[in-house]
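Colleague: can't give you the sequence, but here's the structure:
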């Protein structure tokens with residue numbers, strides 16, 4: 001299976017989730033591409049749409065080399081194997097982590113109009129992205145959500161992820177919904193015909209169109 005685009009992926013994902021009620025549900029989508037998928041899921045399941053924003057942590061002298069991820073509450077995940085290979089300690093990354101948390105707060109305000117959340121205690125949180133590769137940013141997002149709220153249920157819903165990554169993430173959630181787990185996985189975009197960059201404007205527009213909790217004023 002290859003998805004035509006993120007909209008189709010979101011619709012198919014929602015179809016796979018119709019087997020239960022989500023009256024206490026809320027979709028937390030990861031910008032930017034995950035918001036296109038998440039908007040379809042939220043619309044179909046009749047839940048609010050909101051965001052969670054993890055960010056990759058790059059090596060100090062090579063920002064493209066991912067060594068971990070951080071979420072808005074400071075929840076940080078490190079790839080200790082990569083740190084060892086690069087000869088980097090966690091203390092060497094403190095400045096990079098702080099920069100990424102600041103960027104998360106900036107994006108939260110830009111996309112949603114504010115940084116704080118309503119209470120999602122006792123909610124069914126459905127965390128959505130357009131696909132997963134290594135899983136570090138999603139792992140940071142999942143742990144962040146669990147740190148912030150006492151959830152009724154935490155569901156990870158994604159169109160595609162490699163089997164090993166998905167197995168690693170299963171232990172973090174109550175339920176996983178994943179449409180594709182291909183053994184030959186190189187990149188998320190490999191499983192989409194049309195996989196353009198999602199813009200900030202699209203993210204803001206989708207939040208405004210939804211029954212989102214917070215969003216910037218038009």
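Modeller: In hand now; what should we look at? Worth saying up front: this structure is predicted, and the values here are computed from it rather than measured. Numbers count the residues shown, from 1 in each chain.
Colleague: what's in contact with the helix or strand of the chain with the lowest mean pLDDT?
Modeller: For the chain, counting by mean pLDDT, DSSP states H and E, strand 62-70 ranks last in confidence among helices and strands (a mean of 87). In this structure, residues lying in contact with strand 62-70 by Cβ atoms under 8 Å, 6 or more residues apart in numbering are 54-59, 76-79, 82-83, 86, 88, 93, 97, 100-101, 104, 134, 136-137, 139-140. Glycine gets a C-beta too; all of them are placed from N, C-alpha and C.
Colleague: try 7 Å this time
Modeller: Identification of contacts with strand 62-70 by Cβ atoms under 7 Å, 6 or more residues apart in numbering yields 54-59, 76-79, 82-83, 86, 88, 93, 97, 100-101, 136-137, 139-140.
Colleague: Centre-most residue in this structure?
Modeller: When the chain is reduced to its mean C-alpha position, the nearest residue by Cα atoms, centre = their mean turns out to be residue 30, at 3.3 Å.
Colleague: Report the contact partners of that residue.
Modeller: For residue 30, the contact set (Cβ under 7 Å, 6+ apart) comprises 52, 53, 54, 129, 141.
Colleague: Among those, which lie within strands?
Modeller: With strands defined by DSSP state E, no entry of the contacts of residue 30 lies inside them.
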